[in-house]
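>>> Compute the structure for the input listed below.
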Amino acid sequence: ETLGLPLPSCLKVKRQFPAADKGADIVLDKSYSPISLPDQRGYFELLVKGYPPRPPGHSPIHGAPGGLGAFLVGMKPGETAYMYKKAPRLMHGAPYTPNRWANIGMVAGGTGIAPLLQMIRTILADPQEETCISVVFA
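Next up, the predicted model:
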């Protein structure tokens, strides 16, 4: 099976963390763009930045030390995470289709490269695709 998501697509990850101060549990959610090809079978890839633990005294409202990134990069085979797909992203009113534009310019920084990487990999993998890609990454 594949994720069956249109380009560009996004998954929302949710996780409940116990409160450090024994108060109410904290629910964190964050969006991640798959960087694997849309027709990849059996698995998918996410680009996740694992943050270091927060310093002592940091507000507990942000969940466990390192948040969702630390949780995801620390997962072991067989562990699960709750994810669901978000509504398709639209570019000029419609999802991506091959050869829709002659040129695409992309600007990204840090892990913001993930949704662009998803598009770049898909465009480059299609031998019928003629779109020219320009990328500025900082």
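
>>> Which residue is the nearest non-sequential neighbour of M91?
Nearest residue to M91 in three dimensions, chain neighbours excluded: P8, at 7.8 Å (C-beta to C-beta, 6 or more residues apart in numbering). Using the backbone N, CA and C atoms, a C-beta is placed for each residue, glycine as well.

>>> actually C132, not the one I typed
Spatial nearest neighbour of C132, chain neighbours left out: N103 (4.7 Å); criterion: C-beta to C-beta, 6+ apart.

>>> And for R41?
T2 (5.7 Å).

>>> In terms of helix, strand or coil, where does that neighbour fall?
When classified by DSSP: H, G, I helix; E, B strand; the rest coil, T2 comes out as coil.

>>> coming back round to it: quick one, what contacts the residue nearest to M91?
When the contact criterion is C-beta atoms under 8 Å, 6 or more residues apart in numbering, the partners of P8 are S33, R89, M91, P95, Y96, P115, Q118, M119.

>>> now the residues you listed in JSON lines, with distance to K14?
Conversion of the contacts of P8 to JSON lines gives the following (distance: C-beta to C-beta, whole Å):
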{"residue": "S33", "distance to K14": "16"}
{"residue": "R89", "distance to K14": "19"}
{"residue": "M91", "distance to K14": "26"}
{"residue": "P95", "distance to K14": "24"}
{"residue": "Y96", "distance to K14": "26"}
{"residue": "P115", "distance to K14": "19"}
{"residue": "Q118", "distance to K14": "21"}
{"residue": "M119", "distance to K14": "25"}
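
>>> which among those end up buried?
Neighbour counting over the contacts of P8 (16 or more other C-beta atoms under 10 Å) leaves S33, Y96, P115, Q118, M119 as the buried ones.

>>> can you name the two of these that are farthest apart?
Using C-beta to C-beta, the buried ones among the contacts of P8 span at most 12.7 Å, a distance reached by S33 and Y96.
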